[in-house]
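**Student:** coordinates only, sequence not included:
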């Protein structure tokens, strides 16, 4: 199940394992839940680091209108080597935790139905804890740079999918962020609570999925508000909006400044980048907290059972948002039917509206420069859809923009084939 | 303290048939390193693709070998070994080494990143194997599978040639200063 994705395999493992936990009818040992959480947090760190440092920072550091040939990780390394080193180190931090726990960095298999396949060893714990302070420092440094330079992209922040919407994520009963468990929460830009830490498993009661003839990607929407008014967003911006606090001191201080500067429920998807950095800091510190707990080396990490239910739903926060796995199995546990709602799918309505908003703002008449096309990519990049590289081939992403007259005639078509 | 580690990475997609040959060669080398002196101390890594995070490992090595499926139409099973030119001093700044797309991160781009960020790009070699079938599938085609031992031998040859009679490498710290000369790291 991890092989669904190369960037967030851990999220799929956890959601899948949780669906299977329900099918087995087991109570997962508490330490196993903690260990699953550690692996999920590590994955969020490495995934967010990839998105921010490798795929977003070229725009922020070098400029949205800079030469595409240089607007990449090598360009960042040349202009701001410390930033590039921080990104590499933070990604390694997350990857090495995943490798220590699961045996390999990509597609690990350690998370299993009922818990995890092996307990944590003391030397693994100590090795990971030793890397936390440096990772914290690097994340904090990235946040400081971002805040100091925010004026540079005020224009983009104002029009990158800047519209009211609902926001959704998992929240712990304490009001803290919850990435591997918690209740489903949906909050509007006006602060209205539409779902308050509800059981996420009967997701079909909350969401419908619309289909449009011009795309294979479905459009999930919040059922009580219908389609397309039931648009909502998931992922880092949504998560920081729906929680009361994240739950670690440094990240909560950053979150307080975030809200002080942008408002309680900021609407522009540009702010996904800032939220992403805050989550990196939070997840690094949470790894340290969890691994410092006295029972973390317990050997009781897996509950075993036979098939006790024919259906199960598992929900987890992937780096890009809330992920649902829903299975139906036969008496032998063979999956007969499955439905997955992938995080990026939740954002589909918002991404499309964002592209339209950016295009309307930057494209005036028939003259279109490369920087304008880059901004169309960049608004998608803010959501970090799986994978961001599909929108950051630095001038190589297949892209077609049609400029249509008020009479409906296509007056110009601008595009790249991706060659 | 000087390092003398050799970094070997075999990369490619093992779920796309022969595209996974690089990883298969790396698996062979990982098993051989425990009984072949030429591979003693070698850091052998398998990966789906080259990524910027490897720049640190490359910079710490005295020699690097990259193993991959060939991207051209050479006969399947052909094993080719070539030395990689050291990165130009401004390769990263000029974009002369392409890293414009995530899937396009080449050995040359990785070497340039290692040079720019950590001050060292060691001598390096690239071993490529001609492929036959890269459709979905987890097995190598027979002709490519037969080439795996020759590719592993090419890696060992590159290491033997590339690491003999060379001064030990002194990695540069993140501050840009070379360690071991009385500067703070």
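**Tutor:** Perfect, thanks for sending it. Owing to the predicted nature of the structure, the values given are computational and were not obtained by experimental measurement.
**Student:** show me the contacts for residue A:150.
**Tutor:** A:157, A:274 (CB atoms under 8 Å, 6 or more residues apart in numbering or on different chains). Glycine gets a C-beta too; all of them are placed from N, C-alpha and C.
**Student:** how about residue B:107?
**Tutor:** Counting by CB under 8 Å, 6+ apart, residue B:107 touches B:50, B:64, B:66, B:84, B:124, B:126.
**Student:** for these, which one is nearest residue A:87?
**Tutor:** residue B:50 (15.8 Å; CB to CB).
**Student:** how about the strand or helix carrying residue A:353: buried residues?
**Tutor:** Residue A:353 is part of helix A:348-362 when elements are defined by DSSP states H and E. By neighbour count on 16 or more other CB atoms under 10 Å in any protein chain shown, the buried set for helix A:348-362 is A:348-355, A:357-359, A:361-362.
**Student:** nearest to residue B:141 among these?
**Tutor:** Nearest member of the buried residues of helix A:348-362 to residue B:141, counting by CB to CB, is residue A:348, at 39.2 Å.
**Student:** return the distance of the closest one relative to chain B.
**Tutor:** In this view, residue A:348 and chain B are 22 Å apart by CB to the nearest CB, to the nearest Å.
**Student:** confidence score at that residue?
**Tutor:** As predicted, residue A:348 sits at a pLDDT of 91.
**Student:** might you report the residue contacts of it?
**Tutor:** A:217-220.
**Student:** which one among those residues gets closest to residue A:376?
**Tutor:** residue A:217 (17.0 Å).
**Student:** tell me, how many residues neighbour that closest one?
**Tutor:** 14 (other CB atoms under 10 Å in any protein chain shown).
**Student:** in space, what's closest to it - neighbours in sequence excluded?
**Tutor:** residue A:348 (5.4 Å; CB to CB, 6 or more residues apart in numbering or on different chains).
**Student:** now the helices for chain B?
**Tutor:** B:21-32, B:54-59, B:91-94, B:107-118, B:142-163 (DSSP state H).
**Student:** distance to residue B:80 and mean pLDDT added to those helices, as a markdown table?
**Tutor:** What follows is these, written out as a markdown table (distance: least, CB to CB, whole Å; pLDDT from 0 to 100):
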| stretch | distance to residue B:80 | mean pLDDT |
| --- | --- | --- |
| helix B:21-32 | 12 | 96 |
| helix B:54-59 | 21 | 94 |
| helix B:91-94 | 23 | 48 |
| helix B:107-118 | 13 | 92 |
| helix B:142-163 | 8 | 95 |
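**Student:** quick one: which of those is nearest residue A:145?
**Tutor:** Closest among the helices of chain B, using CB to CB: helix B:107-118, at 16.7 Å.
**Student:** hang on, the earlier thing: out of the contacts of residue B:107, which are inside strands?
**Tutor:** B:64, B:66, B:84, B:124, B:126 (DSSP state E).
**Student:** who wins on neighbours among these?
**Tutor:** Most surrounded of the ones in strands among the contacts of residue B:107: other CB under 10 Å gives residue B:64, at 30 neighbours.
**Student:** surely residue B:50 is in contact with residue B:66?
**Tutor:** Yes. At 7.4 Å, residue B:50 counts as touching residue B:66 under the criterion of CB atoms under 8 Å.
**Student:** which residues are common contacts for those two?
**Tutor:** In contact with both residue B:50 and residue B:66: B:9, B:11, B:107, using CB under 8 Å, 6+ apart.
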